[in-house]
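K.L.:
Quick one: sequence plus predicted model below, questions after.
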Amino acid sequence: MTDATMVDTGLGDADDDDFDEIVPDVVDLPADRYIDRELSWLAFNQRVLELAEDPNVPLLERTNFMGIFASNLDEFFMVRVAGLKRRIMTGLAVPTNIGTPPAKVLESISAEAHALQERHAAVWHDDLRPALAAEGIEMVSWHDLSGEEQAELYEYFQVRVFPVLMPLAVDPAHPFPYISGLSLNLAVRIRNARTGRQEFARVKVPAMLPRVVPVPGPEDGPTRLLPLEDLIAENLTDLFPGMDVLQHHAFRLTRNEDMVVEEDETENLIQALEQELRRRRFGPPIRLEIAEDMDDVTLDLLLDELDISEQEVYRLRGPLDLRALFGLGSIDRPDLKFVKHVPVTALELRPKDVDSKHAKADVFAAIRSGDVLVHHPYESFATSVQAFLEQAARDPQVLAIKQTLYRTSGDSPIVKALIEAAQNGKQVLALVEVKARFDEANNIEWARQLEKAGVHVVYGLVGLKTHCKLALVIREERGELRHYSHVGTGNYNPKTSRIYEDFGLFTADPAVGLDLTRLFNELSGYAIEKKFKRLLVAPLHLRKGLVKLIDREVKHARAGKHARVQIKVNSLVDEQVIDALYRASQAGVQVDVWVRGICSLRVDLPGVSENIRVRSVLGRYLEHSRVFAFHNDGSPEVYIGSADMMHRNLDRRIEALVSVKEERHVQELLALFDLAMDDGSSTWHLGEGGTWTRRHRDDDGQPLPDTQDVTMTRVASRRRSRTPR
């Protein structure tokens, strides 16, 4: 079941002959066998909030999780809630489970979102704010300040804030102003001192200014911070001279910021995207957050002018927009943060001359010796992926570089390496996905920089996003061409590589090199290839390939052989994959699912899901890798790659999984599953009714080992002890 028509691009996968044809027994599965994806997403964000509530998490890390929760929820409303409302209005919404109307789901989302936002605000006021104050980090109000401090901050207001403020009146000559999405605003009620007439005005809190203002004080004193909106509110008389300021209340609007581009009806994708980006700013309102003290007169005016319902109003204790708490991470208090972790260099990629401070590894020589599997951020992105591309850019024997780019940054060393390679006369192809949500404008900008430098830039296939993480280097060696390939689970982004958990496989296997060559030809030209040796590629056959591998485990189980399926993804929503896992469970296959975010699979279905376990891991790093393991009666097959089990990934994106061949790498990945599924590890467990329970203490109340901390220790130890090849 999908809400989009699959686009036939000719993209192929592993040959069907590589799998036995398995026709599983027909089994009855209940109609209500899926958890609603939006409610499951809210359950995920609740897990993030639970980390903010945990007193055992370092204090400034807890404030960071508060900011992550707020940012996540913003995107949820801008995209998921907005999309659901649009589909309900157009009649296109499909119930997740038979008998649950989409409008009812929207009501459930609203109720749960209200409860979570109120809980989020309570964590700040009742727990984190007092705890920070006890550590000398105080979020103060204007009335907490001395007269001298107020005078100094007033001077700051006059010099740095007042000149950029734009008070907008609402009267017959001034229509109600446009309220941009996610902007923080003050609704101000004023009275003309001469006529006694009451008026309304809106003051936008400038987003380009620091959200919190340091209160002047001694260097060895506490860190005291005043929200910018409080500073503005206390000096409104400067904005409205001759007026009496009666009331002021903070509010914040969320708009529909999803984008729809009819790619097959446009001649220039970039121009169409830029036009849609301009339109995004004016999407319809979908959520109104207001300060808890807002009076009914002001609220009624906002409801009427913004055309928004009371169900979409969230009345909260201020401050609104707790993304501001991200800023506290810059405070120099290492005692209130996670112990710093420095990524290690994979042993295979370490320089041979260990005595030289400036020695660099020969990445190509390392890959020729055998496949290299790197695990970020435990292992360094800079000394693996970045070093691979930088060496390729400068190596005179390298003839061509081909790479996909989904999310990166304009100042990225990856982009610089591609530009340098082009300037050095190499053939360079960059397949840039300009439709990466909320990165569209940035991607368009640095894609143009690449084009100006002589890089061949293409934008993928009409109707599909290119989400796969692929890099291919063609090098001439002794008169022959050799392929050096990288297939990853994460973006080629040095910044996120420090906080996102991902895998990457380097290989000189000619089969992978040929697979990538054919795939890049499809993405940049018109070639039609159906067969790949070590890749599974969406949208045509990745789902089918995985389902066949699951069904093969069913066959083994029925024959009394060892059978097990283990899947690690960000999200599990696709009904066909879920039903295949249910069939496997019914046949006696042990099914382990490790999911970070959404999980529509249920574990509480009698006769269906008894053999399924679902775990979730959240912590200092964002679990981002996708791993698929099939035990195959003792001869396990393992794949890593870019694809989540969602309709958009399997039907509307170019995704690629690569099989991991070396035994030590297979065992490394299987050991990671064993750790996450171990009841002795700190994880969340999915249970009855789609409820997640955090299990982070043993029966004696002692903390269970953190999965990411254990992995960090294992990787560092393994890399120290492994004998070089």
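P.N.:
On my side now, so go ahead. Model, not experiment: these values are computed from the prediction.
K.L.:
all contacts plus neighbour counts: C-alpha atoms, from now on.
P.N.:
Noted.
K.L.:
Show me where the protein dips below the pLDDT cut-off.
P.N.:
Within the chain, the set of residues satisfying pLDDT under 70 comprises 1-27, 93-99, 172-173, 258-282, 353-358, 408-410, 434-443, 460-462, 526-530, 719-725.
K.L.:
okay, now the domains of it?
P.N.:
13-37+537-721, 102-336, 368-530 (automatic domain parsing).
K.L.:
so where's the longest strand in the protein?
P.N.:
Ranked by residue count, the top strand of the chain under DSSP state E comes out as strand 243-255.
K.L.:
Quickly run through the sheet partners of that one, with directions.
P.N.:
Sheet pairing of strand 243-255 (DSSP bridges) gives strand 184-192 (antiparallel), strand 285-291 (antiparallel).
K.L.:
of all those, which lies closest to residue 378?
P.N.:
Distance to residue 378, taken as CA to CA, is lowest for strand 184-192 among the strands paired with strand 243-255, at 37.7 Å.
K.L.:
Just the buried residues of that closest one, please?
P.N.:
Across strand 184-192, burial judged by 16 or more other CA atoms under 10 Å covers 184-191.
K.L.:
for stretch 68-86, same thing?
P.N.:
So, applying 16+ other CA under 10 Å, buried residues of stretch 68-86: 68-85.
K.L.:
Kindly report the same for stretch 598-610.
P.N.:
Neighbour-count burial for stretch 598-610 [16+ other CA under 10 Å]: 598-605, 608-610.
K.L.:
Give the helix, strand or coil label for the residue nearest to residue 390 when sequence neighbours are not counted.
P.N.:
Distances taken as CA to CA, 6 or more residues apart in numbering place residue 417 nearest to residue 390, at 5.3 Å, with adjacent residues excluded. Classification of residue 417 using DSSP: H, G, I helix; E, B strand; the rest coil returns helix.
K.L.:
ok, residue 417 - contacts?
P.N.:
389-390, 393 (CA atoms under 8 Å, 6 or more residues apart in numbering).
K.L.:
Among the buried residues of stretch 68-86, which ones are in helices?
P.N.:
When the buried residues of stretch 68-86 are checked against helices (DSSP state H), the matches are 68-75, 82-85.
K.L.:
closest to residue 566 among those residues?
P.N.:
Among these, and counting by CA to CA, the member closest to residue 566 is residue 72, at 27.3 Å.
K.L.:
Can you give me the distance of the closest one to residue 113?
P.N.:
For residue 72, the distance to residue 113 (CA to CA, to the nearest Å) stands at 12 Å.
K.L.:
likewise residue 105?
P.N.:
12 Å.
K.L.:
Settle it for me: which of those two has more neighbours?
P.N.:
More crowded of residue 105 and residue 113, by other CA atoms under 10 Å: residue 113, with 20 against 17.
K.L.:
quick one, what contacts the residue nearest to residue 131 when sequence neighbours are not counted?
P.N.:
Closest residue in space to residue 131, ignoring its immediate chain neighbours: residue 59 at 7.8 Å, by CA to CA, 6+ apart. Each residue near residue 59 by CA under 8 Å, 6+ apart is listed here: 128, 131-132, 336-337.
K.L.:
Which of the residues you listed fall in helices?
P.N.:
131-132.
K.L.:
Among the contacts of residue 59, name the buried ones.
P.N.:
128, 131-132, 336-337.
K.L.:
Pick the one among the residues you listed closest to residue 149.
P.N.:
Nearest to residue 149 among the buried ones among the contacts of residue 59 is residue 132, at 20.7 Å by CA to CA.
K.L.:
which non-adjacent residue is nearest the closest one?
P.N.:
Residue 132's closest residue in space is residue 138 (CA to CA, 6+ apart), at 6.3 Å.
K.L.:
Same check on residue 458?
P.N.:
That would be residue 431: by CA to CA, 6+ apart, it lies 5.0 Å from residue 458.
K.L.:
phi, psi of the one you found?
P.N.:
phi -90, psi 100 (degrees, to the nearest 10).
K.L.:
what bridges to it?
P.N.:
Residues in beta-bridge contact with residue 431 (DSSP bridges): residue 404, residue 458.
K.L.:
Specify the angle between the biggest helix by length in the chain and strand 285-291 in degrees.
P.N.:
Secondary structure of the chain read by DSSP H shows that its longest helix is helix 102-123. Angle, helix 102-123 to strand 285-291, by axes from the mean of the first three to the mean of the last three CA atoms, to 10 degrees: 30 degrees.
K.L.:
helices or strands next to helix 102-123 in the packing?
P.N.:
Judged by 3 or more CA pairs under 8 Å, 6 or more residues apart in numbering; DSSP states H and E, helix 102-123 is in contact with helix 37-53, helix 82-90, strand 313-316.
K.L.:
in the helix or strand following the last one, what's buried?
P.N.:
Scanning the chain past strand 313-316 towards its C-terminal end, the next helix or strand to appear is helix 363-368 (assignment: DSSP states H and E). Going by neighbour count (16+ other CA under 10 Å), the buried part of helix 363-368 is 363-364, 366-368.
K.L.:
Can I get the contacts of residue 59 in JSON lines including distance to residue 663?
P.N.:
Below are these laid out as JSON lines (distance: CA to CA, whole Å):
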{"residue": "128", "distance to residue 663": "47"}
{"residue": "131", "distance to residue 663": "49"}
{"residue": "132", "distance to residue 663": "49"}
{"residue": "336", "distance to residue 663": "41"}
{"residue": "337", "distance to residue 663": "37"}
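K.L.:
ok, so of the contacts of residue 59, who is nearest residue 286?
P.N.:
Residue 286 lies nearest to residue 128 out of those, by CA to CA, at 28.9 Å.
K.L.:
Is the closest one in contact with residue 63, as I believe?
P.N.:
Yes - with contacts counted by CA atoms under 8 Å, residue 128 reaches residue 63, the gap being 7.4 Å.
K.L.:
just to revisit the earlier point, separation between the residue nearest to residue 458 and residue 387?
P.N.:
20 Å.
K.L.:
cool, and residue 509?
P.N.:
Taking CA to CA, one finds residue 509 at 20 Å from residue 387.
K.L.:
out of these two, which sits in the busier spot?
P.N.:
The neighbour comparison of residue 509 against residue 387 (other CA under 10 Å) goes to residue 387, with 21 against 17.
K.L.:
show me the residues around the residue lying closest to that one once chain neighbours are set aside that make contact.
P.N.:
Spatial nearest neighbour of residue 387, excluding adjacent residues (CA to CA, 6+ apart): residue 363 at 7.3 Å. With contact taken as CA under 8 Å, 6+ apart, residue 363 is in contact with 349, 384, 387-388, 391.
K.L.:
how about those residues, which pair is most distant?
P.N.:
Put simply, by CA to CA the two of these set farthest apart are 349 and 391, 12.5 Å from each other.
K.L.:
I figured residue 311 was touching residue 113, is that so?
P.N.:
No - using CA under 8 Å, residue 311 is not in contact with residue 113; the gap is 11.0 Å.
K.L.:
what ranges do the strands span in the stretch 451-600 of the chain?
P.N.:
456-458, 465-466, 469-477, 480-488, 500-507, 531-532, 535-538, 564-569, 590-595 (DSSP state E, counting those that start in this stretch).
K.L.:
before we move on, the earlier item: now rank the contacts of residue 363 by neighbours and give me the top one.
P.N.:
residue 388 (26 neighbours).
K.L.:
How about the contacts made by it?
P.N.:
363-364.
K.L.:
before we move on, which element is it in?
P.N.:
helix 387-394.
K.L.:
Could you tell me the angle between that helix and strand 469-477?
P.N.:
Counting by the same axes, to 10 degrees, helix 387-394 points 50 degrees away from the direction of strand 469-477.
K.L.:
can you tell me which residues contact residue 695?
P.N.:
Applying CA under 8 Å, 6+ apart to residue 695 gives the contacts 682-685, 704.
K.L.:
Determine which two of those residues are furthest apart.
P.N.:
Across the contacts of residue 695, the two members that end up farthest from each other (CA to CA) are 685 and 704, 13.9 Å apart.
K.L.:
re the thing from before, quick one: the contacts of residue 363 as CSV, columns for distance to residue 297 too.
P.N.:
Formatted as CSV, the contacts of residue 363 follow (distance: CA to CA, whole Å):
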residue, distance to residue 297
349, 66
384, 60
387, 61
388, 62
391, 65
